[in-house]
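Enquirer: next come a sequence and a model predicted from it.
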Amino acid sequence: MRVLVACEFSGRVRDQFISQGHQAVSCDLLPAEGENTESHYQGEVGDIIMDGWDMMIAFPPCTYLCSSGLHWNRRVDGRQANIRRIALENPVGCISTRIRPPDQTIHPYQFGDDASKRTCLWLRGLPKLRPTAYVEPRWVGTRPRWANQTDSGQNRLAPSPTRAKQRSTTYPGIAQAMARQWG
């Protein structure tokens, strides 16, 4: 299967699909990371979105999904690709209330990573991901906490120039589940 992983610099999802025998290409404005950096297109996803993909998994920055600009998706050539299977991943935000609710909400701790980060998936032509390995939380009073959280529940990553990049990187367990279950 030919898989486009849009808005991914880390290569985690791309590399998992390649390990399952698929032809996967990541695309991002940032340079590639991971094992298969030769399978990365550094540039605009619009440059390659019409190249006959079987599936697209997209991790767009939420700033490009605001409802004020959605009308352009029908007016600008190249913004509506004929891809049968699509997964759009984004954190909880305005997509849920302004476009439509997600098809599924997942956490890294459901896929073997010691972290809590509620993540939404909007799916077309793909089944919901099945959890693969539950990581038990530690308990602070009556509240569950995972390794990426302080006792008060805040994210442990302090503000820094690399924080956004670190927070946007797909957890390994989720990337593996995408490749194994959708590939």
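Expert: Perfect, I can see it now.

Enquirer: which residues touch residue 167?
Expert: Neighbouring residues of residue 167 by C-beta atoms under 8 Å, 6 or more residues apart in numbering: 155, 157. Where C-beta positions appear, they are placed from N, C-alpha and C, glycine not excepted.

Enquirer: three-state assignment of it?
Expert: Secondary structure state of residue 167, per DSSP: H, G, I helix; E, B strand; the rest coil, is helix.

Enquirer: quick one: pLDDT of it?
Expert: pLDDT, residue 167: 83.

Enquirer: how close does it sit to residue 157?
Expert: Relative to residue 157, residue 167 is positioned 7 Å away (C-beta to C-beta, to the nearest Å).

Enquirer: same deal with residue 127?
Expert: 32 Å.

Enquirer: next: residue 179.
Expert: On the measure of C-beta to C-beta, residue 179 and residue 157 end up 26 Å apart.

Enquirer: between the two, who's got more neighbours?
Expert: Neighbours around residue 179 and residue 157, counted as other C-beta atoms under 10 Å, are more numerous at residue 179. The numbers are 23 against 12.

Enquirer: residue 181 sits in which helix or strand?
Expert: Element membership of residue 181, judged by DSSP states H and E, is helix 172-182.

Enquirer: residues in contact with that helix?
Expert: Residues outside helix 172-182 that contact it (C-beta under 8 Å, 6+ apart): 12-13, 15-17, 19-20, 22, 55, 57, 85, 87, 106, 108, 111-113, 119, 126-127, 129-133.

Enquirer: please narrow those to those residing in helices.
Expert: Using DSSP state H, 12, 13, 15, 16, 17, 19 are the members of those that sit in helices.

Enquirer: in CSV: those residues, plus neighbour count.
Expert: Formatted as CSV, the ones in helices among the contacts of helix 172-182 follow (neighbours: other C-beta atoms under 10 Å):
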residue, neighbour count
12, 23
13, 27
15, 24
16, 24
17, 29
19, 16
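
Enquirer: that older thread, out of the contacts of helix 172-182, which are inside strands?
Expert: 55, 57, 85, 87, 106, 119 (DSSP state E).

Enquirer: which of those ranks first by neighbour count?
Expert: The most crowded member of those, judged by other C-beta under 10 Å, is residue 57 (27 neighbours).

Enquirer: my guess is that residue contacts residue 1, does it?
Expert: No: contact criterion C-beta atoms under 8 Å: residue 57 and residue 1 do not qualify, at 11.6 Å.

Enquirer: need the contact list for the nearest residue to residue 59 once chain neighbours are set aside.
Expert: Spatial nearest neighbour of residue 59, excluding adjacent residues (C-beta to C-beta, 6 or more residues apart in numbering): residue 7 at 4.5 Å. By C-beta under 8 Å, 6+ apart, the contact set of residue 7 is 27, 28, 45, 58, 59, 60, 61.

Enquirer: next: residue 1.
Expert: Residue 1 makes contact with 17, 22, 23, 54, 55, 183 under the criterion C-beta under 8 Å, 6+ apart.
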